[in-house]
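Trainee: What follows is a predicted protein model with its sequence.
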Amino acid sequence: MIPPRTENELAEALRAASRGDEEGFVALYRDLQPRLLRYATALIGAEAEDVTAETWLQVARDLRGFAGDLDGFRGWVSAICRNRAMDWARTRTRRPADPTEMSTLAEHPDVTDAHGSAVERMSTRWAMAHILALPRTEAEAVLLRAVVGLDGPTAAKVLGKRPGAVRVAAHRGLKKLAAAISDDCWTEGERHA
């Protein structure tokens, strides 16, 4: 397992990747791809891997022209991913496909022990199911802020909304998720233990 990189190491990887360094690009990909895949899965379903692959192709092609910091890069990549997902959705409405089951949401836990991995998968499935049950604006705000890790202004740029609107949507979504956690019988055993 490759240890996660610090923000400073990732910022240096971004500078190197923008100069054409392959190792820098790989470091950025490894950091962002699992979160980006979850975001794309929430937006588009089973085609998420194709959408993120197209996203990274565009990033590789246009990275030399990118000017910004690490948060800006994450926002830029998220916006590309969202645009690719919306393109896929438009294509799908022209050529309908079979709907995807919620159980196909992609999870990429970093733990290696089976128990930890199983618990993380259950937690991720539960969280993604509840996030996807939120109204679309709230779900996207929560995904971009909590899953992808974007700050408010960057998430607002991705969604084409004002930062205050994204902050409110994320707050409402997280408040509903907190209520779902306290109401969910899955957590009952933890309260009585």
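Mentor: Right, received. Where do you want to start? These numbers come from a predicted model, not from an experiment.
Trainee: shaky segments in the chain?
Mentor: The chain contains residues with pLDDT under 70 at 1-4, 93-122, 184-193.
Trainee: quick one, helices of it?
Mentor: Assignment of helices within the chain using DSSP state H yields the ranges 7-18, 22-44, 48-62, 70-94, 114-133, 136-142, 152-159, 163-183, 188-192.
Trainee: mind giving me TSV with these and columns for mean neighbour count?
Mentor: Where you see a C-beta, it was placed from the backbone N, CA and C, and this is true even at glycine. Below are the helices of the chain laid out as TSV (neighbours: other C-beta atoms under 10 Å):
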stretch	mean neighbour count
helix 7-18	17
helix 22-44	20
helix 48-62	18
helix 70-94	18
helix 114-133	15
helix 136-142	21
helix 152-159	21
helix 163-183	16
helix 188-192	8
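Trainee: Surely Lys13 and Gly24 touch.
Mentor: Not quite, residue 13 is Ala, not Lys. Yes: in terms of C-beta atoms under 8 Å, Ala13 counts as a neighbour of Gly24; the distance is 4.1 Å.
Trainee: nearest residue to Asp50 other than its sequence neighbours?
Mentor: Of all residues not flanking Asp50 in the chain, Trp88 sits nearest, at 7.3 Å (C-beta to C-beta, 6 or more residues apart in numbering).
Trainee: meant to ask about Asp21
Mentor: Leaving aside its sequence neighbours, Asp21 sits nearest to Ala13 (C-beta to C-beta, 6+ apart; 8.0 Å).
Trainee: what sits against that neighbour?
Mentor: Ala13 makes contact with Arg5, Asp21, Glu23, Gly24, Phe25, Ala27, Leu28 under the criterion C-beta atoms under 8 Å, 6 or more residues apart in numbering.
Trainee: Look up how far Tyr39 lies from the residue lying closest to the fifth one once chain neighbours are set aside.
Mentor: Nearest-residue entry for Phe25: Ala17, 4.2 Å, with adjacent residues in sequence omitted and distances by C-beta to C-beta, 6+ apart. Going from Ala17 to Tyr39 by C-beta to C-beta, to the nearest Å gives 21 Å.
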